[in-house]
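1. This is a predicted model, with the sequence first.
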Amino acid sequence: MATTEAAPRPAALPARLYRDPAVAELELERVFERNWQFATHVSRLPDPGSYITATAGRQPVLVLRDQDGVLRAFRNVCRHRGSRLLAGSGECGKAIRCRYHGWTYRLDGDLIGVPEARSIAGLDKSALGLFPVRVETLAGLVFVNLDVHAQPLNEQVPGLAERLAPWGIEGLVPHRPLDGTQPANWKIVADNYLEGYHVPIAHPGLMRLYDYKGYTVDLQPSYAWFEAPLRDKPSGNRMERAYQRLVTPMPGVGREDPPVWRYLFIYPNTAIDLYPDQVWVWKLDSDGPRPTRDTAMLYRHPNASARTRLAQFFNRKVNELVGEEDVDLVANVQAGLESRGWEPGPLAGAEAAVGWFADKIRADLGEQ
């Protein structure tokens, strides 16, 4: 496996950063409330008044399209008594009305209506608009950041939109949500995603599909990009062999090059699986020291051929097994980190992105 990062590599994180409840609380403020996180796909916000709700860490967020067609995001809380304003997704019309006491906000966040306003001494509606949240799109994906002073996402990931362009993600359609949990700290789940070192040992199916010697990682300041070329040699597994046959060539999604599975991780918790036939986007959320909450969605081309649909089916079946293997792996790491006296061993070249991620976590937490 090749890597663009030069030795020596950063150290992995110590056990306490995966186990300590105080660290999990600190991460909510210093990691999840200061960085860009995936919220939704632009197709879910097609018209003025369209909205979705999401979270950034534990903070409830509301993303909508205003009357001028501009995307806006706010903390999903009424300024009066703290009620959540909206739930789920849908259409809110031309204004947002709190279901508790009827305080009403324009889609730009301004407070415009307060029942019995004359009875509230010193009421200044101009000072009680919704708390803004930063929002940007990247290749059709909507991201939010609770830090209103944060560097724009597209400045943090220069050139990434162009790199994603061949998949036409903005034109794909949501197909299959997959939400759940994993029995390990979210950073253990991220570490597992960020390295291919375990593939030869833990994922026999992937080893039959991957040309592992061609597996590469490109580390950028705010994202990691992985490429795993598929083997020319037919797999001995019937389902994997069928996928290999169907995926070449694959019109409609992805790049017109030899079949490669690509993976993208945008710090701190957004993962994007870029296949020749479909795209998965998933977000890892902390739920205390453990477990991890997963929010995932599969995106497909709306006019994909029957051949592509069949390839997508086999792809999902292969990766369902990989997912089960990974859940077992991260659970074992979480259990092992209870061992007193354990310190992380040195990282292999195939784990370069684990060190990259560890350094970014240390920087956000103020760790030495």
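-> Alright, I've got the coordinates.
2. Quick one: low-confidence residue ranges for this structure.
-> Low-confidence segments of the chain (pLDDT under 70): 1-7, 249-256, 368.
3. Which parts of it belong to which domain?
-> By the assignment in automatic domain parsing, the chain contains the domains 2-31+159-365, 37-149.
4. With mean neighbour count as added columns, please give the ones you listed in a markdown table.
-> Bear in mind the C-beta positions are built from the backbone N, C-alpha and C, glycine included. A markdown table is the format used below for those (neighbours: other C-beta atoms under 10 Å):
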| stretch | mean neighbour count |
| --- | --- |
| domain 2-31+159-365 | 18 |
| domain 37-149 | 17 |
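5. Tell me where the stretch 251-368 of the chain has strands.
-> 260-266, 270-274, 279-286, 292-300 (DSSP state E, counting those that start in this stretch).
6. In a markdown table: these, plus distance to L107.
-> Shown next, in a markdown table, are these (distance: least, C-beta to C-beta, whole Å):
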| stretch | distance to L107 |
| --- | --- |
| strand 260-266 | 28 |
| strand 270-274 | 26 |
| strand 279-286 | 25 |
| strand 292-300 | 25 |
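7. Out of these, which is closest to T55?
-> The closest of these to T55 is strand 279-286. By C-beta to C-beta, the value is 6.8 Å.
8. just the CA coordinates of that closest one, formatted as CSV?
-> Taking C-alpha atoms only, strand 279-286 is exported to CSV below (Å, rounded to 0.1, in the frame of the first residue of the first chain):
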residue,chain,number,x,y,z
VAL,A,279,-22.4,6.5,-3.6
TRP,A,280,-22.8,6.1,0.2
VAL,A,281,-22.6,9.1,2.6
TRP,A,282,-22.5,8.5,6.3
LYS,A,283,-21.9,10.5,9.4
LEU,A,284,-20.4,9.2,12.7
ASP,A,285,-21.8,10.8,15.9
SER,A,286,-20.6,10.5,19.4
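9. What are the contacting residues of that strand?
-> By C-beta atoms under 8 Å, 6 or more residues apart in numbering, the residues outside strand 279-286 that reach it are 24, 27-28, 32, 37-38, 41, 55, 57, 141, 167, 169, 172, 178, 185-186, 189-190, 253, 269-273, 292-300.
10. How about the secondary structure of D179?
-> Assigned state for D179: strand (three-state reduction, DSSP: H, G, I helix; E, B strand; the rest coil).
11. re earlier: out of the strands of the stretch 251-368 of the chain, flag the one nearest E227.
-> strand 260-266 (5.3 Å).
12. ok, the closest one: who's next to it in the sheet?
-> strand 223-229 (antiparallel), strand 270-274 (antiparallel) (DSSP bridges).
13. Which among those strands is found nearest to L62?
-> strand 270-274 (19.1 Å).
14. what about the residue nearest to D68 when sequence neighbours are not counted, distance to W225?
-> If the residues on either side of it in the chain are set aside, D68 comes closest to P48, at 7.4 Å by C-beta to C-beta, 6 or more residues apart in numbering. P48 sits 35 Å away from W225, taking C-beta to C-beta, to the nearest Å as the criterion.
15. And K317, by the same measure?
-> Noted for K317: a distance of 26 Å to W225, by C-beta to C-beta.
16. and if you look at L347?
-> From L347 to W225 the distance is 18 Å (C-beta to C-beta).
17. residue contacts, the spatially closest residue to Q334 that is not a sequence neighbour?
-> Excluding the flanking residues, the one nearest Q334 by C-beta to C-beta, 6+ apart is A184, at 4.0 Å. The contact partners of A184, by C-beta under 8 Å, 6+ apart, come to 290-292, 330-331, 333-334.
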